[in-house]
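K.L.:
Just to be clear, the model below is a prediction. Sequence and coordinates:
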Amino acid sequence: METLRRSIPISAAIVVIGGVSWLGLRYFRSQIDCKKLDAAFARQVENIKEDAHKRLKIGTKKADVARFFAELSISLTISGSEARGTLWTSGCAPFGCGSDSALIGVSVKLDPAGAVTEEPTVIGIYTDCL
């Protein structure tokens, strides 16, 4: 009977330690996965930024601007003196964001003939952060 009284708290402690360890490991792994997704999103933004600066130089014609957006599957809207588009994607949003949905926005100023007049702007943001 004395042995049973000793083994119950020891067994309970082992179960609690095992459960806490399992939850900690699971959290740690999810953080590693989250960092990988966030890094992939940041790389995607940087790749688009580099590509935009290489291909959308001042003087680039409207057809080449449209081709750039189409090749990267970025929706294109030309309004007045600006071409802009949005690529919907995902990553791993920081604390305070409701989900992992993100967007990459690209915009470039155009002259009346449709040629690029300024360096393009590329931003990457999570869509529903506080």
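P.N.:
Perfect, thanks for sending it.

K.L.:
pretty sure residue 107 is touching residue 80, no?
P.N.:
No. In this structure residue 107 lies outside contact range of residue 80 using C-beta atoms under 8 Å: 11.8 Å. Backbone N, C-alpha and C define where each C-beta goes, glycine included.

K.L.:
and those two? which has more neighbours close in?
P.N.:
Relative neighbour count places residue 107 above the other of residue 107 and residue 80, with 16 against 8, counting by other C-beta atoms under 10 Å.

K.L.:
so is the more buried one in a helix, a strand, or just coil?
P.N.:
When the structure is reduced to helix, strand and coil (DSSP: H, G, I helix; E, B strand; the rest coil), residue 107 reads as strand.

K.L.:
Quick check: the gap between it and residue 63.
P.N.:
According to C-beta to C-beta, to the nearest Å, residue 107 stands 18 Å off from residue 63.

K.L.:
in which helix or strand would I find the residue nearest to residue 91 when sequence neighbours are not counted?
P.N.:
If the residues on either side of it in the chain are set aside, residue 91 comes closest to residue 41, at 3.1 Å by C-beta to C-beta, 6 or more residues apart in numbering. Take DSSP states H and E as the rule and residue 41 turns out to sit in helix 2-55.

K.L.:
helices or strands up against the helix or strand just after that helix?
P.N.:
Next helix or strand after helix 2-55 toward the C-terminus (DSSP H and E): helix 62-71. Counting by 3 or more C-beta pairs under 8 Å, 6 or more residues apart in numbering; DSSP states H and E, the packing neighbours recorded for helix 62-71 are helix 2-55, strand 82-90.

K.L.:
Lowest average pLDDT across those?
P.N.:
Comparing mean pLDDT across the helices and strands packed on helix 62-71, the weakest is helix 2-55, with a mean of 79.

K.L.:
Single out the most deeply packed of the helices and strands packed on helix 62-71.
P.N.:
Burial of these is given as mean neighbour count (mean count of other C-beta atoms under 10 Å); strand 82-90 ranks first at a mean of 17.

K.L.:
For residue 91, grab phi and psi.
P.N.:
phi -150, psi -140 (degrees, to the nearest 10).

K.L.:
so how far is residue 59 from it?
P.N.:
Relative to residue 59, residue 91 is positioned 34 Å away (C-beta to C-beta).
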